[in-house]
Structures are given as structure tokens and as C-alpha cells.
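*Asks:* Sequence first, predicted model second:
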Amino acid sequence: MSQEATVLFDAPGPRARARHRLLTAISAVLLLAVTVLLAWRFNDKGQFEAKLWNPFLKKDVWQHLILPGLWNTLKAALVASVLAIAFGIVFGLARLSDHRWVRVPAGIVVEFFRAIPLLILIFLVFFVPNKVSPVIAESPFGTFQRILVDNVFSIFGVEINAGVVTVPAFAAVVFGLVMYNGSVLAEVVRAGVNSIPRGQSEAAYSIGLRKNGVMRLVLLPQAVTVMMPAIVSQLVVLLKDTALGFIISYGELLQAGFKNVPPNFNNNLIQAGVVVGVIYIAINMSLSRVATWLEARSRRSRKTQAKTMGAGAGAPPPPGMAVTGQTTGDTGGII
Amino acid sequence: MPPGTVGMAPTRWNAMDDLFNFGPFFDNFDQILEGFWATVRLSAAAAVLSLIIGIVLVGFRVAPIPVLRNVGTVYVNILRNTPLTLILLMCSLGLNDILSLKFSNVSATSYYWWAVLGLSAYTGAFVCEALRSGINTVPLGQAEAARSIGLTFVQSLRMIILPQAFRAVIAPLGSIFIAMIKNTTVAAAASYAEIALIMKTLLDDPSFTSGAIPLFIGVAVGFMILTLPTGFFFGWLAKRMAVAR
């Protein structure tokens, strides 16, 4: 019970408390009614039957279907996180460059990849090389393409067969995640460095450091602390988005749990969805907990004067929306 | 992508004709426009519904009634941490097909409304959190001042608190709606024929050979046409409405 005053409600007196008790009872009854109705429907359609739920108590199902899927999800998320953070740092710093020829192209790349849906980016890498490569193979660039794929892209598992390039689903998912989340993180980095009070860089210049030293020794170490919560909450978004691999049949958790389990066990889609959902929620909530903890820790610390970017703040608003003096609040990364 | 083949006259190859041939793109232009129209319809319906869900939820989350507060918290935590793909699949395959909770007997209509509902339920959780942080930006002194000059609860809400709260969240709401427009593509998983599904179908078609890059460019430009003006509009509105403190 909130007994003290909030911005919306004054501290309740005896009559308000009685009213709250009444409303509590009414809302509890309504909640119960909704639950009962849903349970009724479940029962009607036989969704409580043990044969639908039991598969998730079997060791085999976990060992051969769900856990490999979970591993694929974590693998894609891990690889994409590392690359996205690298991408974010490089492009974030490039956008802060004093040279227009570095700043402008980096800005275009970042804004482009933030404006395109992630799924379209995944489709771009998964389908388009396959379509385009036979045409290139017949061109003067055919040999160049073969050498490029054999020597460079093969480390991502890309294959070339008689001039047709095949990109594995894993590489496509990781590419999409890196480009999108990397661009969002680039904005986080830029905002993080910009949020350091100007006195810091002025002081650094005045003791004789160069641009490189100012950034590396003074601004970045403080910016990392400031933007850590925002980075972690963007990683939650990244992990959630690995589920898009489902659409191009990458064998991640959703594919394993929701597509491969049900056909073997009386089409138990709802049950599979619940189990898979619980796994995702558990992982993401623990990651969010880390973000909140980091935020609380850097709010407490007095090592920097810059304001911590909230766990929920995520990146600053999309193109054309840079508004100063606005709280972004707890919106949980850019979804 | 290799640049044009200027100076390579002897070959019969021409990058403009083979890779950047917009012919197949315009041959299927009707279908692509239809896909974008479906995206727009889904976004528009989900924008309205997610705003409603978000407002109701934030009402729950700040209410002085513990049951409602808990319902709001649980809802937001579940929906925000589940992948949208799973939510949309549960809506279409689980609720519509298995529990046969249908909106209409026409299956396409029913899938459309489930896609709208799933997307709004997901986006609504984010809208709720944005609105809640907006309420938190209003200083307590504002409410105390309102009460001390004798305004009732409804009056202080209507005249003092909500106007300030709404104006503080315009920018975050804008970015949520832009993300929502981009997220409509995930409805491809729930077999709703919006632009991503059209794009996938076209790319899967073996006869659609040389138009792959133009198709991507077209879809990318289409999304920019949808998202950039939305961003500028909300940016303009947020600047105009900013609360001076």
C-alpha cells in the first residue's frame, strides 16, 4: 500500500482507505472472473490434458530440442552483442569526429540502418546474395566474387557453389542484429560522450592532451560508466530479436520449442509457447536486473558528474527527433 | 556492389541491366503497394489500440489499489520480455486456431485483428512505461500546490498533472511508434500479408531473378517514407510542446 502522497494521490485518509479496500475487492473479483473464463476456454478445448504438458517434463525433449535451440539463441546473441558493441563504438566515435568526411558517412550509415526494419535487413542478407550472385558470376567480377567469398566471407559460413552464394541463417541473423543494434548503440555512445560535462575535455586540453588522449583517457572512461545501463538494456532487445531467426528457419529457441516440439506431441502449441516464453522472460529479466543494478551503482558513485543514462533510456530518439531537455524514461531500449 | 562497367566495353555484361533492373520491381508494383497498404493499416490500427492499452495500463500501474498495480506490473514485465515473434505466433496459432477465439469467420480478417491485437499488446507495454515516466517527471510540488489552492483530484489531474506528463512523453512515444511501424514486419510470421511477407514471397519465386536489389531498395525507401515523417512530426511536436522548467 502506498500510504504516502504521490504526485497523483494524496496520502489516503480513513474514507479513502475504505474506498481503496472496496475497489481492491472489486478488481480482485474481476481478475478472478477473467482467469476463470480463460481457464474454462482452455478446458473446453482440452488444453489442460496431461499429454500436452508432459513432453516438457521429459529429459529427451530438453536434451535434443529445447537446449540446442537455447544454445543457438545464446550463440547468435553473444556473437551479435560483441560485434554490435564494436560497431557502435566505431560508428559512435566516427560521428563525433571533427572531420566532415568521417562524420557524415558514419551518420548516413547509422541513420539508414536505424530506419529499416530488422527483418528486412535479415532478408537482405539471406535472400539477396543468392539471387544476385549467379548474375555476378557471369560478369567480369565472377572470379573476384569467388575469391572474396572463399577467402573472406567463408569465415561467416558463406558458401559458393557453381557461382551461387548461400548465406547461412546464422550469419544473416547476426548481420541484421549487428547492423540494427550497432547503429542504436552508436547513438548511445555518441550521447554518452556528449553527456560528459564540457569542463572535463576543456581541462584535459588545458593540461596538454591531444584529441586522442582527451577521448581515450578522459571522456571514454567516464562515458562507459554513464552508458553501461543503456547498453545492457539494448542487449535485452538484441536477445529478444534473435527470435526473428524463426522466420528464416534459424534453429533458435523459438524454432526449436515452438516449431519442432508441437508436431511430435499432439500439436501442443500453446503449451510450447508458454514454456518458451518463460525461458525468454527469465533470461531477459535477469539481464534487465543487471542493467538496473549497474544504473543504481553508477548513480551512487561520485566518480563522474555526468548524469547516468537510465537503463530504460536506451538510445536517444530516432532521426529528426533529437529534443533536448526531455526525459526518455523507462522505455526499455529501442524495440 | 561493383560500380558500373564503364571501360569494359567488350563484355556483354551491364550492371545497370542485370543488377539494378527495376523492371521486375515495377511489374510487381501493385503487389508491393498492396503490401505497404497492409503495413499502413496494421500500423494505424495498432497505434490507436496500443495508445488505449498503454493509457489503461498506466492507470493500473499508478493506482492506489495493490491488485491493479500488480496486474499492471506483471503484464508489463511479461510482454516487454517476450519476443514479438512469439506473441504474434501465440495470437494467430494459439488463440485463434487452437482456442478458436475468432474475430470473424473470414480467416484473413481474424488473423488481421489478432495481428493488430498482438502488436498493440506488445507496444502498449512500452507506451505504459513511457507514460509512467512522464508522470514521474511532474514534480510533487505541482500536485501539492494544486491541492492547496483547493482543486479536486479530477481537476488537478486534468489541469495540472496530465498536461505536463503528456507533453514530456511526446518524444519517447514517437520513438515507440516508429519502432512499432518497423515491428509490423514481424507479422509476416503470423501469415499476415504485409510488405515483409510480400518481399519474401517475391524473393522465393525462382522467376524473380534480377530484381532483388531494386526490391530491397524499394522496400527500404518505403519504410523511410513511413518512419521519417513520423519522426519529424513527433520531434516538431515535442519541441513545440516542451514544458519549460
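*Replies:* The structure has been received and is ready for your questions. Residues are numbered from 1 along each chain as shown, chains lettered A, B, ... in the order given.

*Asks:* C-alpha from now on. contacts and neighbour counts both.
*Replies:* OK.

*Asks:* At the geometric centre of chain B, which residue do we find?
*Replies:* With distances taken as CA atoms, centre = their mean, residue B:180 lies nearest the centre of chain B, 1.4 Å away.

*Asks:* So what's the gap between the one helix or strand it maps to and the chain middle?
*Replies:* Counting by DSSP states H and E, the element that carries residue B:180 is helix B:170-183. Put simply, helix B:170-183 sits 6 Å off its chain's centre (CA atoms, centre = their mean, to the nearest Å).

*Asks:* State the mean pLDDT of that helix.
*Replies:* The average pLDDT within helix B:170-183 is 91.

*Asks:* Which elements pack onto it?
*Replies:* Applying 3 or more CA pairs under 8 Å, 6 or more residues apart in numbering or on different chains; DSSP states H and E, one finds that helix B:170-183 contacts helix B:29-62, helix B:107-137, helix B:212-241.

*Asks:* in the longest one, what's buried?
*Replies:* Which is helix B:29-62. B:31-33, B:35-36, B:38-47, B:49-55, B:57-62 (16 or more other CA atoms under 10 Å in any protein chain shown).

*Asks:* what does the shortest one give?
*Replies:* Taking 16+ other CA under 10 Å as the neighbour-count basis, helix B:212-241 is seen to contain the buried residues B:212-216, B:218-220, B:222-224, B:226-228, B:230-232, B:234-239.

*Asks:* which outside residues touch stretch A:149-162?
*Replies:* Stretch A:149-162 has contacts (CA atoms under 8 Å, 6 or more residues apart in numbering or on different chains) with A:146, A:165, A:166, A:167, A:168, A:171.

*Asks:* Local confidence estimate at the third one?
*Replies:* For residue A:166, the model assigns a pLDDT of 85.

*Asks:* Quick check: it vs residue B:120, distance?
*Replies:* To residue B:120, residue A:166 is 36 Å away according to CA to CA, to the nearest Å.

*Asks:* Let me see the contact set for residue A:69.
*Replies:* Applying CA under 8 Å, 6+ apart, we find residue A:69 in contact with A:251, A:252, A:253, A:254, A:255, A:256, A:257.

*Asks:* can you put these in CSV and add neighbour count?
*Replies:* Output for the contacts of residue A:69, formatted as CSV (neighbours: other CA atoms under 10 Å in any protein chain shown):
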residue, neighbour count
A:251, 24
A:252, 27
A:253, 28
A:254, 29
A:255, 25
A:256, 26
A:257, 28
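
*Asks:* What count of nearby residues applies to residue A:174?
*Replies:* Using other CA atoms under 10 Å in any protein chain shown, residue A:174 has 24 other residues around it.

*Asks:* Please identify which helix or strand holds it.
*Replies:* helix A:169-194.

*Asks:* again, but for residue A:165
*Replies:* strand A:164-166.

*Asks:* Give the other helices and strands that that strand contacts.
*Replies:* Packing contacts for strand A:164-166, counted by 3+ CA pairs under 8 Å, 6+ apart, involve helix A:118-137, strand A:159-161.

*Asks:* which stretch among those comes nearest residue B:86?
*Replies:* Among the helices and strands packed on strand A:164-166, helix A:118-137 comes nearest to residue B:86, with 14.6 Å by CA to CA.

*Asks:* Distance from that closest one to the middle of the chain?
*Replies:* Distance of helix A:118-137 from its chain centroid, counting by CA atoms, centre = their mean, is 24 Å.

*Asks:* Specify the angle between it and helix B:170-183 in degrees.
*Replies:* Calculated by axes from the mean of the first three to the mean of the last three CA atoms, to 10 degrees, helix A:118-137 forms an angle of 50 degrees with helix B:170-183.

*Asks:* And the contacts of helix A:118-137?
*Replies:* Residues from elsewhere that reach helix A:118-137 (CA under 8 Å, 6+ apart): A:142-143, A:145-146, A:163-169, A:172-173, A:175-177, A:180, A:244, A:248, B:18-19, B:182, B:185-186, B:196, B:200, B:203-204, B:209-210, B:212-213, B:216, B:220.

*Asks:* what mean pLDDT does that helix have?
*Replies:* Summarised as a single mean, pLDDT over helix A:118-137 is 87.

*Asks:* helix or strand right after that helix?
*Replies:* Assignment by DSSP H and E places the next element after helix A:118-137 at helix A:142-151.

*Asks:* So which bits of that following helix are buried?
*Replies:* Quick answer for helix A:142-151 (16+ other CA under 10 Å): A:142, A:145, A:146, A:149.

*Asks:* Any stretches of the stretch 1-150 of chain A with poor pLDDT?
*Replies:* A:1-5 (pLDDT under 70).

*Asks:* Flag every residue of it that's near chain B.
*Replies:* Taking CA under 8 Å from any CA of the partner chain as the contact definition, the stretch 1-150 of chain A meets chain B at A:1-2, A:6-9, A:20-21, A:23-24, A:27-28, A:41-42, A:45, A:115-120, A:123-124, A:127-128, A:131-132, A:135, A:138-141.

*Asks:* how about a cut-off of 7 Å?
*Replies:* Proximity of the stretch 1-150 of chain A to chain B, by CA under 7 Å from any CA of the partner chain, involves residues A:1-2, A:6-7, A:20, A:24, A:27-28, A:41-42, A:45, A:115-117, A:119-120, A:124, A:127-128, A:131-132, A:135, A:139.

*Asks:* Do I have it right that residue B:102 meets residue B:95?
*Replies:* No - the pair residue B:102 / residue B:95 is not scored as a contact, 8.1 Å apart, by CA atoms under 7 Å.
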